[in-house]
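Enquirer: test case, fold it:
(2 chains)
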Amino acid sequence: MSANHALHTELPAEPEKATLEGRNKILAFWFFLGGESVLFGSLFATFIALRDKANGGPTGVELFSLPLVAAATMLLLTSSLTSVMSILAMHKKNVSQMVFWLVITALLGLGFLGLEMYEFYEYVHEGHTLRSSAFGSAFYTLVGFHGAHVAFGLLWLFALLAMTGKKGLTVVTAPKYFVFSLYWHFVDLVWVFIFTVVYLMGKVGV
Amino acid sequence: MGHSHAPKKKGLLMDYLTTVDHKKIGILYFVAGGIFFLLGGLEALLLRIQLIVPNNTFLNGATFNEIMTMHGTTMIFLAAMPLLFGLMNAVLPLQIGARDVAFPFLNSLGFWMFFFGGVLVNCSWFLGGSPDAGWTAYPPLSVSFSGFSLDFYALGLQIAGIGTLIGGINFLATIVNMRAPGMTFMRMPLFTWTSFVTSALILFAFPAVTVGLVLLSFDRLFSANFFNVANGGNEIIWQHLFWIFGHPEVYILILPAFGVISDVISTFSKKRLFGYSSMVFATVLIGFLGFMVWAHHMFTVGMGPVANALFGISTMLIAIPTGIKIFNWLFTMWGGQIRFTTANLWAVGFIPTFVIGGMTGVMLAAPAADYQYHDTYFVVAHFHYVIVGGMVFGIFSGLYYWWPKMFGRMLNETLGKWNFWFFFIGFHLTFFPQHFLGLMGMQRRIFTFFPNQGLDFGNLISTIGAFGMTIGTIIFLINIAVTNSKPKNAPADPWDGRTLEWAVPSPPPEYNFKQTPQVRGYDALWVEKMAGNKGMIPAEPLGHIHMPSGSILPFIMSVGLFIASFGLMYEKVPVAIIGALITLFCMLLRSLIDDPGYHIDPTEEKGVEA
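Expert: Numbering: from 1, shown residues only, chains lettered A, B, ... in the order given. The predicted structure follows:
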């Protein structure tokens, strides 16, 4: 069955899985997330090996402000929830509701990114930089990689929102929203580990 | 939307730049990988000429280091991987009865990423010198060198690695989702199985080296401290990350060769592959154990006796599934009607050669003994036995076997046999003496040696052997040229094949199968032959076939990253940003513009309106 043919008929129950192309995308994206897990696993391992090598500069205990990080965590975890709401709305074929939740997701993501940039700005002023120590290199690379994932996700989301107005919800566009939500959940999940390994363990000390 | 139309006729160059057809991408991989293979081979020959006599001054030490590093890097990343991807692209979709891979566009993107990554690494020759820290690029050597050479290594391999990862994910999705009706997992040909496991290894191994290269680049470009011990860094992190990738990588290389050998031996023994399910099991087990053994490259680092013992034992365990495979190949040949075509010669030559390489592998796996072998020519001999004697023999076997399917012409068998014997004897002459050179204390990567230390004769023989391999390769090139001058008349099934790729014409039409075949057993085509049928039973009525459109975007995306790399290296931030924006903008275009594709009516053999 060609994609064009499906456009003229009623949208099926799970439109993201209605075509072979859609199923391929979702499956391959799960594979991709498997690779991403190894990527972040390697970054975490590097960070754990180097987290106490502050080289005389500020350590995690001195730097980290848990209220700020907790606020960032709340923003990002809530955005995971709102991205679920958007997929639920998609399954109900309610496009405006789906867009509404996607916009909320984007705002929460932007808020998270803003807090993270503020946090990095503060740290740099306290002498904690990529070049100051091995701890600094490992911290900015791990947390920065995650931040870059959030930033890329936001660009992706903006592109999706721009597309929605023109194309609406079809069996061609549905997998795109679904795959984005998979990505967003993954990025949130990585943050849970960053919050634990970098901030909580860092605050406890070495 | 919905305007489907036949693609305009393109010139040959534009056709290949924009193609998303797995068969043409296979040819692209083959051509690019072949060129890099010749380049890496030329480098190897220069190394051997330098080492032909003691105190030789053909190359100086610095040049030797560059050529030695580029030989290893080129052969592993830019020759071996793409040649395997070439075979996978050419054959794998046919073997599972699919019209194409799951993501034709990504398939093209993967190729161009690999290609521009490879070109970037080799640009270093003309821009201030090549990488010279060995293909393993251990810090601090790889960080403290001040030129650009290691930047070319780190960024070039990063881009090529993205391409490989894309290819791996694509094949995984293809095999899971695109199999023809009846093609269950346990009916897939062994080449498909081994490609499947290899793709999984790529998926889980490459991100580790991605991180390693990121750390190396950050240290070099932004003065980070990952490997700078003075500021708290730790060089061993690189070794772990590199080998967590690097050891699965050797199974990534060898498993598809195992698959080729299995298919070839079965076809030319006119027998079902002996112990098919144990072969599948062994393949999966090798893939799994491949991730458990990386630290056997680091026995002398000082991890302690417990870690060394554990990694030594897990390494030796791999001999078990590998042994299963060796015996299954022998039992497949046992009592078969064996035909020694060139493809089968390579396959049969592979078996004893690989056994030697595997045996020295078990020797190296004993940590106490490894202290003696470490960084000597014994190791060089070992990994050339498994990679050349294993993988390159497998690739040659696959090329002779599938050449008619890829190009529609049969390679010349007489020249093929000359090719095999020169290469086979040359190979053993080159590498067998190196075992003994290593045991006598010859260090790997040295650019010269003193006379009368027992190393003269072995090195002389080794270099003579290298010329034998060179002659063999030249005969292969002559064979290609001779074959190309002959008419395109290969039959669909020249070898009395057993698997689905032999059910379609040589070369196949762009949609592969007029009608998707119904698979009724392992060795799908053989099942139909035995049932007295002329070909496969169709699983669908004749109808219009939907095809994806070609696209130039993958090429431009890869060029974007290529440009961005130069911006990063030469600290020209705007150039880096422009390059990255080119790539991102192409991604946006790809996301926003739907590809309606076009339809082919296989009964009329030309594009028609949908």
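Enquirer: any stretches of chain A with poor pLDDT?
Expert: A:1-9, A:206 (pLDDT under 70).
Enquirer: in it, which residue sits nearest chain B?
Expert: A:Lys53 (2.9 Å; C-beta to the nearest C-beta). For the C-beta atoms, the positions are set from N, CA and C on the backbone; glycine is no exception.
Enquirer: low pLDDT regions in the stretch 401-550 of chain B?
Expert: Judged by pLDDT under 70, the stretch 401-550 of chain B has no weakly predicted residues.
Enquirer: that one against chain A: which residues are in contact?
Expert: Proximity of the stretch 401-550 of chain B to chain A, by C-beta under 8 Å from any C-beta of the partner chain, involves residues B:His546.
Enquirer: ok, back up a step: show me the contacts for the residue of chain A closest to chain B.
Expert: Taking C-beta atoms under 8 Å, 6 or more residues apart in numbering or on different chains, we find A:Lys53 in contact with A:Ser133, A:Ala134, A:Phe135, B:Asn231, B:Gly232, B:Gly233, B:Asn234.
Enquirer: number of residues surrounding residue 28?
Expert: Looking at chain A here, since you left the chain open. The burial count assigned to A:Ala28 is 22, neighbours taken as other C-beta atoms under 10 Å in any protein chain shown.
Enquirer: let me rephrase: I mean chain B.
Expert: With neighbours defined by other C-beta under 10 Å, the count for B:Leu28 comes to 21.
Enquirer: surely it is in contact with B:Phe111?
Expert: Yes: when contacts are counted by C-beta atoms under 8 Å, B:Leu28 is listed as touching B:Phe111 (5.4 Å).
Enquirer: give me the contact list for stretch B:483-493.
Expert: With C-beta under 8 Å, 6+ apart as the criterion, stretch B:483-493 contacts B:403-405, B:407-412, B:502-506, B:525.
Enquirer: how about it: buried residues?
Expert: The neighbour-count check on stretch B:483-493 (16 or more other C-beta atoms under 10 Å in any protein chain shown) flags B:Thr483, B:Ala490, B:Ala492, B:Asp493 as buried.
Enquirer: cool, stretch B:83-99 as well?
Expert: So for stretch B:83-99, counting by 16+ other C-beta under 10 Å, buried means B:83-99.
Enquirer: and the residue of the stretch 251-400 of chain B nearest chain A?
Expert: Here the residue of the stretch 251-400 of chain B nearest chain A is B:Phe291; by C-beta to the nearest C-beta that distance is 10.0 Å.
Enquirer: other SSEs contacting the top helix by length along chain A?
Expert: Ranked by number of residues, the top helix in chain A under DSSP state H is helix A:134-167. On a contact count with 3 or more C-beta pairs under 8 Å, 6 or more residues apart in numbering or on different chains; DSSP states H and E, helix A:134-167 meets helix A:20-50, helix A:95-125, helix A:174-194, helix B:190-222, helix B:573-592.
Enquirer: that one vs helix A:20-50, what angle?
Expert: Relative orientation of helix A:134-167 and helix A:20-50, computed by axes from the mean of the first three to the mean of the last three C-alpha atoms, to 10 degrees: 160 degrees.
Enquirer: for helix A:134-167, buried residues please.
Expert: The neighbour-count criterion (16+ other C-beta under 10 Å) identifies A:134-143, A:145-147, A:149-150, A:153-154, A:156-157, A:159-160, A:163-164 as the buried residues of helix A:134-167.
Enquirer: so how far is that helix from its chain's centroid?
Expert: On the basis of C-alpha atoms, centre = their mean, to the nearest Å, helix A:134-167 sits 7 Å off its chain's mean C-alpha point.
Enquirer: ok, the residue of chain B found nearest chain A - contacts?
Expert: Residue nearest to chain A within chain B: B:Gly232 (2.9 Å; C-beta to the nearest C-beta). Counting by C-beta under 8 Å, 6+ apart, B:Gly232 makes contact with A:Leu50, A:Lys53, A:Ala54, A:Asn55, A:Ser133, A:Ala134, A:Phe135, B:Asn225.
Enquirer: quick check: phi and psi at the spatially closest residue to it that is not a sequence neighbour.
Expert: Nearest in space to B:Gly232, with sequence neighbours left out and distances taken as C-beta to C-beta, 6 or more residues apart in numbering or on different chains, is A:Lys53 at 2.9 Å. For A:Lys53, the backbone dihedrals (degrees, to the nearest 10) come out as phi -100, psi 70.
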